[in-house]
Every structure is written in C-alpha cells, then in structure tokens.
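A.B. asks: Sequence below, structure please.
(one chain, ligands or ions: 1)
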Amino acid sequence: MCVFTSIANPWHATRNMALRLEAAGYQRLQETASWQLEAGKRYYVTRNDSSIIAFQLPEGGALKDLRMVGAHTDSPGLRLKPNATQRSAGWLQLGIEVYGGALLAPWFDRDLGIAGRVHLRQPDGRLTSVLLDVAEPVAILPSLAIHLDREANNGRAINPQTQMAPVLMQDDQQDLNSLLQAWIQAQHAIENADIVDFELSFYDLQAPSLIGVEQSLLASARLDNLLSCFIGLEALLANDGQQGALLVANDHEEVGSASACGAQGPFLGDVLSRLNAQLGGGSEESLIQLVQSSCMVSCDNAHALHPNFRDKHDEQHGPLINAGPVIKVNANQRYATNSATSALFRDLCREADVPVQVFVTRADMGCGSTIGPITATQVGVPTVDVGVPQWAMHSIRETAGSQDVEYLVRALTAFYNRANLGLVDS
Ligand code: ZN
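C.D. replies: The predicted structure is shown next:
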C-alpha cells in the first residue's frame, strides 16, 4: 500500500514506475536518441516525465505481436495557478484551477501537501527541473461553519474561484516563490533557486488504509487510476518474459487525453513505429500486421454498486466490490470493448481462476470514458476496457476492494503470458 502514499501526481507516478522498472532490469531509452533495440531485452521511455511506456521483447525472430496494458497517471485535483499568491484577511493563500472532474466538497478540512515539477535556472544559465513533494500539512481549505450558512447541507454550490483557495500562513512578507525556494533548498540542497516555472498540485496527506471489520476495503487518494498503473506494473514484472509485452500509462486522461503525451497524442504510435522498424518487418505493412495481431487491455476503475444509491446502476450490471475485474461495455463506443476482446478477457479470467463482471450504464444515463477508445482510434489495436470496481470516483479519497487488486494482477499476468491472443477470424 505504500505505493500510493507519496505518489501525488503524474510526475511522481512516472518516476516511481521508472524506478521499479530499472530495479527489474529495464533500460531507459531517450526519445531524442537513436534506439538500438535487442530481442530478449526490456526497455522503458517517458514523455513529458508524466507518461511512460515499458516493453519487453521476446527472444529471437521478428516481433509479431504485443500484449498491451494501458492506464493513466493523472487524477482530478487542485492545481496551483501560475501567479498563485493571494492574500485575504491577513492570510497567505494559493489560488487554484480545478484539474479534471473533481468532486469538490471532499477537499475541505483536509491536511494538504503540495507536489509536482519545478523548473530552475542554474547559475550557468541552464534550465533544469526537479520533482518537489512537500509531504507535510502546509495548507488547509476550511469549511464555512454551518451557523454561517444554514443551507450548507442542502446541495450548496461550491465556487472554485472564490471559495477554494487553501490557506497557508498568516504573513504579508512571504509569497509562493519564497516558499518554493525554502522547500527546494530543504529537499534538493539548492540554495536561492531561480524558479522559472512549475506545475504543482495540492494533495491529501492521509495515508491509504485497509478499511472494514474484515479489512476488505482499500481507501486511498487517486485509486483512479494509480491503482491500475500499480496493477499493470505488477503484472508486467511478474510475467514469464516469453512474449512481447507492453505497458503504457498516459497523462491527461482526466482532461480528455488530447496532448503530446496523452492517449490521443502520438506517443504509443511513435514507440510502435520504432519497434516495427527495428524488430518487426520494418515496412508500413508489417506495422499494420503487428498492431492487428496485438491486443490492448485498457485498465481504469469502474463504478461499483453503491449500497445507498442502488438505483444509479442497471439491475443486471451493478459490479460488486471484491467480485473480480469489470469488463466495461458501451454500445456507443465510450468503451472500446467488443465481443471478441471481451471474450478474450473472459478467457484470461477463467485461466487465472478469477471471477469477472460486466458493467453497462443505465440506458437513461450518460457514460464515462477512458483511454481505451481513444487509443483504439489512434492506433487501431483491438481493445477491451476493464477495471477494478470502486466507490467515490474522483473524490479526494476513493474506496476499492482489497481482493480485487490481486484478481486483476492475476488476469493481466495471464494476458502477458498468453502465447496465442486468439483473435484470428474463424
Ligand atoms: Zn480514470
């Protein structure tokens, strides 16, 4: 569980995954360098330091197919504005933008830290970047007392511009820049850092917990979708190494995936082109053959049936906590699952002795989406959308089943080990 505690944003998630990959023998590639890939070796590459692709190449022969698992590194939350320093009633506060579709109410009255990426100018003029993680309760967003708003429990609207700037200290001298300088000095031993720019977020410091009388629940921030990153990585590191295998974790899913490192960008396609050039057939045709012989399992958490809101699910399609991974289906292609990819995933679950469930939204309600259909549209790879069922999606603290984590690791390990993806026409 410690995997979630200090992973506050896409940059820390990417670095954490890179460290684990390196410890397992994966070699880092630079997108700006030329690649010399060898069969039987393992590699990883990042883009924007916030998206990551890792792959293992089978021994000998041409690369014919890839078992791909996809997830996303970002989560909804509060991002600092560029000129964040603001003052009110003697308090230093930091102005925020809401990143993605965050549930806002749970952000009040939490112990908040700050983390992200900061760019510095070195004394010799070079620009560098450091990751910063102020894992101390340096800020809080206090609620307004009910005595001052008797309508607070009746669905009061929250204005993120005027009501959601966390407070940091009573001071009229300090500003964000001076605080950042002190934090960077403490963490990186860089004195009087010349701060050029940053991308920083607030995050909840409460550590993950196993919850419930039988500890059957896992509560943490950012289960959507760092839990899938964790599960995909566990499966990648656990497989037998015999097959072509790839894990992609993209940034920017929560804001639509349209970016250079997002699933709608060319990151995965670029990696597949380079793989094909070196170890596939090297032609345009062999790239199409490689992609069409491969399969993607897109992992993102699913909405579990909530005991207090049972009418929010279709009666036949309410996934239960601790009852196995959920295949997500949507006739309007908000999920990329089709009957062929779903059949493959069901077969993997059978092989791994894991129960499996299916989710379809109510016909009178809208449906979320994920990187699955976007990746399938960009790359053309047959895709199935699956995920661990969870409650409170996009809250500051989300809840999933502790047993479901192991179930999905087993199913994905079976996927990575599968010799024949079984998607050929009959
Ligand atoms: Zn998600």
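A.B. asks: hey, let's count contacts and neighbours off CA atoms from now on
C.D. replies: Noted.
A.B. asks: Tell me how many other residues surround residue 174.
C.D. replies: 12 (other Cα atoms under 10 Å).
A.B. asks: Just list whatever residues bridge to the closest residue to it other than its chain neighbours.
C.D. replies: Of all residues not flanking residue 174 in the chain, residue 92 sits nearest, at 7.8 Å (Cα to Cα, 6 or more residues apart in numbering). Beta-bridge partners for residue 92, by DSSP bridges, are residue 87, residue 169.
A.B. asks: residue boundaries of the strands in the stretch 151-300 of the chain?
C.D. replies: Ranges of strands within the stretch 151-300 of the chain are 167-170, 194-204, 209-211, 217-220, 245-250, 295-299, based on DSSP state E, counting those that start in this stretch.
A.B. asks: Distance from the fifth one to the middle of the chain?
C.D. replies: Centroid separation for strand 245-250 versus its chain: 11 Å, with Cα atoms, centre = their mean, to the nearest Å.
A.B. asks: Just the mean pLDDT for it, thanks.
C.D. replies: Averaging pLDDT along strand 245-250 yields 98.
A.B. asks: got it, and the longest one?
C.D. replies: Mean pLDDT, taken over the full extent of strand 194-204, equals 97.
A.B. asks: Equivalent analysis for the first one, please.
C.D. replies: Averaged across strand 167-170, pLDDT comes to 97.
A.B. asks: Give the buried residues for it.
C.D. replies: Buried residues in strand 167-170, counted by 16 or more other Cα atoms under 10 Å: 167, 168.
A.B. asks: on that earlier part again, with respect to the ion, which of the strands of the stretch 151-300 of the chain lies nearest?
C.D. replies: strand 295-299 (8.4 Å; Cα to the ion).
A.B. asks: With just CA atoms, put the closest one into PDB.
C.D. replies: Extracted in PDB, the C-alpha atoms of strand 295-299 (Å, rounded to 0.1, in the frame of the first residue of the first chain):
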ATOM      1  CA  CYS A 295      -4.400  -6.600 -28.200                       C
ATOM      2  CA  MET A 296      -4.800  -3.800 -25.600                       C
ATOM      3  CA  VAL A 297      -6.400  -4.300 -22.100                       C
ATOM      4  CA  SER A 298      -7.200  -0.700 -21.100                       C
ATOM      5  CA  CYS A 299      -7.400  -0.600 -17.300                       C
END
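A.B. asks: Can you get me the start-to-end distance on stretch 23-34?
C.D. replies: Taking Cα to Cα, to the nearest Å, stretch 23-34 runs 23 Å from one end to the other.
A.B. asks: tell me the contacts of the residue nearest to residue 174?
C.D. replies: Residue 92 sits next to 85, 86, 167, 168, 169, 170, 171, 172, 174, 175 when contact means Cα atoms under 8 Å, 6 or more residues apart in numbering.
A.B. asks: Right, I'll leave it there.
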